[in-house]
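[1] Got a predicted model here, sequence first, then my questions.
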Amino acid sequence: MIASPIQGRYAVTHLPRVALEIKTIGLYDLVLQDVQKLAGKTRVNEEEILQIMADNPQILEDYKQINVEYNLSNLHLKNIDTDALDITCRAQAQQVNHNLDILRDIEKYTLDFEQSSTLVIIFSVEFFVLFSVQYFIVLLNLKAWQGLIYSLFATSIVFAWWYAKKEQKKYATQKTRFETLYEETLTQIKALEDRSCLKKSDLIIKTGEEHV
């Protein structure tokens, strides 16, 4: 196994799966092209991709960003089957499952706000409003009302700016929450392993059903 500084931080992102998906799935073609450039050749195998990721963590960051943009999870870990556990392990396992559910729900906030769909929607709405302003003034010959119409447009800009700032703050807060809960969950999983309650390797989702 390749010793990699990214193994710890991305402990629930299954790197062999990442390498396979980069190699075989068209969604990651741009990432594959970067891998090929770093390798200096067009044909790369999964071991080579793993090594390149180890030497160039940005490759994994790009893979993860694509997943978040397409609402695919980078948490390659299924929930624990608590019914199969000893009763002394269940409470902590249930907490892990609860954490994983939250992490999947807020994972979208790990994407930079400037690259998020939220900002795209805000800009799209403002473009539509601007188009509507021009339509009402020019095509409907409402020049006499243009002062009022432009003031409404200016108000919409102020509201869009306020909403964008609010969402930006939300992204920052939830990203911090994600990172904190992520580390806590890893610690809890390790504790369960140390108590022989489970094997983390049994929880790994090695194939993404989304790509089948």
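    Happy to help now that I have it.

[2] Excluding chain neighbours, what is closest to Lys64?
    Leaving aside its sequence neighbours, Lys64 sits nearest to Asn74 (CB to CB, 6 or more residues apart in numbering; 4.8 Å). In this view, the C-beta of every residue, glycine as well, is placed from N, C-alpha and C.

[3] tell me the contacts of that neighbour?
    The contact partners of Asn74, taken as CB atoms under 8 Å, 6 or more residues apart in numbering, are Tyr10, Val12, Thr13, Lys64, Asn67, Val68, Glu107.

[4] tell me the domain ranges of the chain?
    Using automatic domain parsing, the domain parsing of the chain gives 1-74, 86-212.

[5] Tell me which helix or strand the residue positioned nearest the centre of the chain sits in.
    By CA atoms, centre = their mean, the chain has its centre lying nearest to Val68, at 2.8 Å. In the assignment (DSSP states H and E), Val68 maps to helix 58-69.

[6] For whichever helix or strand comes after that helix, give the mean pLDDT please.
    Tracing the chain past helix 58-69, the next element assigned as helix or strand by DSSP H and E is helix 87-106. The pLDDT scores in helix 87-106 average 96.

[7] what's in contact with stretch 173-182?
    Identification of contacts with stretch 173-182 by CB under 8 Å, 6+ apart yields Val12, Asn99, Ile102, Leu103, Ile106, Glu107, Tyr109, Thr110.

[8] is it possible to export these to JSON lines including distance to Ile205 and neighbour count?
    Putting these into JSON lines (distance: CB to CB, whole Å; neighbours: other CB atoms under 10 Å) gives the following:
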{"residue": "Val12", "distance to Ile205": "9", "neighbour count": "19"}
{"residue": "Asn99", "distance to Ile205": "16", "neighbour count": "18"}
{"residue": "Ile102", "distance to Ile205": "18", "neighbour count": "14"}
{"residue": "Leu103", "distance to Ile205": "14", "neighbour count": "21"}
{"residue": "Ile106", "distance to Ile205": "19", "neighbour count": "16"}
{"residue": "Glu107", "distance to Ile205": "14", "neighbour count": "21"}
{"residue": "Tyr109", "distance to Ile205": "22", "neighbour count": "21"}
{"residue": "Thr110", "distance to Ile205": "18", "neighbour count": "18"}
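
[9] Which of the residues you listed lies at the shortest distance from Ala160?
    When these are ranked by distance to Ala160 (CB to CB), Tyr109 comes first, at 19.8 Å.

[10] so what's that closest one closest to, chain neighbours aside?
    Nearest residue to Tyr109, sequence neighbours excluded (CB to CB, 6+ apart): Gln174, at 3.6 Å.

[11] cool, and Ile205?
    That would be His76: by CB to CB, 6+ apart, it lies 4.7 Å from Ile205.
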